[in-house]
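Colleague: turn this into a model:
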Amino acid sequence: MISDASEALDIPVIGSLNGVTNAGWIDYAKKIQDAGAKALELNVYAVATDLDESSVEVEQRYLDVLTAVKASVDIPVAMKLSPYFSSVANMSKRLVEAGVDGLVLFNRFYQPDYDLDALQVTADLNLSTANEIRLPLLWIAVLKNRLETSLAATTGVETHLEVLKYLMAGADVTMTASSLITKGPGYVTTLIDGMTRWMEEREYESVEQLKGSMSQSAVADPSTFERANYIKILEKNKAEYTLAG
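Modeller: Numbers count the residues shown, from 1 in each chain. Predicted coordinates for the structure are as follows:
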């Protein structure tokens, strides 16, 4: 598929390599590069459920995979991160120091549900929605201008508004799968047209001008991205509920 797409398209094709253990990463990374991919995303899809596996070991798995793949290919390599590290900021920094070319925020683990009639654990696909944008939005805004790497946003891109928010937080790239699954590949044009109209109405001259303009390092009150915002939200909601009552 990568080979066919690379030959048929004028845009770069990025390969995605998904795994759990350290086995196979190097061989498949080489095959993806040889097939014509211009970059590679590493998706370490592993839920840490082993009671005897420490956080240090979990984090080291990501670093080991990255180091091994970077040594085996010449194309840029991005790492798709989970939001469940005890310190997302530090883990991101360590990956950058290890040579990652980009970070993708965030991996979205599929979680089980229960069928109460059949008494079975069920697994199904729930597509992401715009309501899930805030966690990756937060961390992209925090990491922008603090790390020398490219930032990609994934999860919840339903309309051009989510694309704009991610860019203003500091993303270099936004990804969408759910909206294209439901609306088809032509929906990309709708997203781009919506962005273009919004930017023209507000006299933005380029995406670069937009990018990172509302990151933590760019806003007047950086504390809105931290716990101080929690107090403000409570005070605001209290006032609104008092007026409503």
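Colleague: can you pull out the helices in the chain?
Modeller: Listed in chain order, the helices of the chain (DSSP state H) span 2-8, 25-34, 55-72, 88-97, 134-143, 160-169, 178-183, 187-201, 207-210, 228-244.
Colleague: distance to residue 17 and mean neighbour count for those helices - can I get that in JSON lines?
Modeller: In short, each C-beta sits where N, CA and C put it, glycine included. As requested, the helices of the chain are exported to JSON lines (distance: least, Cβ to Cβ, whole Å; neighbours: other Cβ atoms under 10 Å):
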{"stretch": "helix 2-8", "distance to residue 17": "11", "mean neighbour count": "13"}
{"stretch": "helix 25-34", "distance to residue 17": "6", "mean neighbour count": "17"}
{"stretch": "helix 55-72", "distance to residue 17": "8", "mean neighbour count": "16"}
{"stretch": "helix 88-97", "distance to residue 17": "16", "mean neighbour count": "17"}
{"stretch": "helix 134-143", "distance to residue 17": "21", "mean neighbour count": "22"}
{"stretch": "helix 160-169", "distance to residue 17": "23", "mean neighbour count": "22"}
{"stretch": "helix 178-183", "distance to residue 17": "21", "mean neighbour count": "15"}
{"stretch": "helix 187-201", "distance to residue 17": "24", "mean neighbour count": "14"}
{"stretch": "helix 207-210", "distance to residue 17": "28", "mean neighbour count": "13"}
{"stretch": "helix 228-244", "distance to residue 17": "37", "mean neighbour count": "10"}
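Colleague: hey, least reliable of these by pLDDT?
Modeller: Looking over these, mean pLDDT reaches its minimum on helix 228-244, with a mean of 67.
Colleague: isn't residue 212 right up against residue 145?
Modeller: Yes: if you go by Cβ atoms under 8 Å, residue 212 and residue 145 touch, sitting 6.6 Å apart.
Colleague: which neighbours do the two have in common?
Modeller: For the pair residue 212 and residue 145, residues contacting each of them under the criterion Cβ atoms under 8 Å, 6 or more residues apart in numbering are 170, 218.
Colleague: the two: which has the busier surroundings?
Modeller: Taking neighbours as other Cβ atoms under 10 Å, residue 212 and residue 145 compare with residue 212 leading, 21 against 13.
Colleague: isn't residue 67 right next to residue 100, touching?
Modeller: No: under the criterion of Cβ under 8 Å, residue 67 is not in contact with residue 100, lying 9.8 Å apart.
Colleague: contacting residues for the most centrally placed residue in the chain?
Modeller: Among the residues of the chain, the smallest C-alpha distance to the mean C-alpha position (Cα atoms, centre = their mean) belongs to residue 105, namely 2.3 Å. Contact partners of residue 105, counting by Cβ under 8 Å, 6+ apart, are 81, 83, 136, 139, 140, 151, 152, 153, 154.
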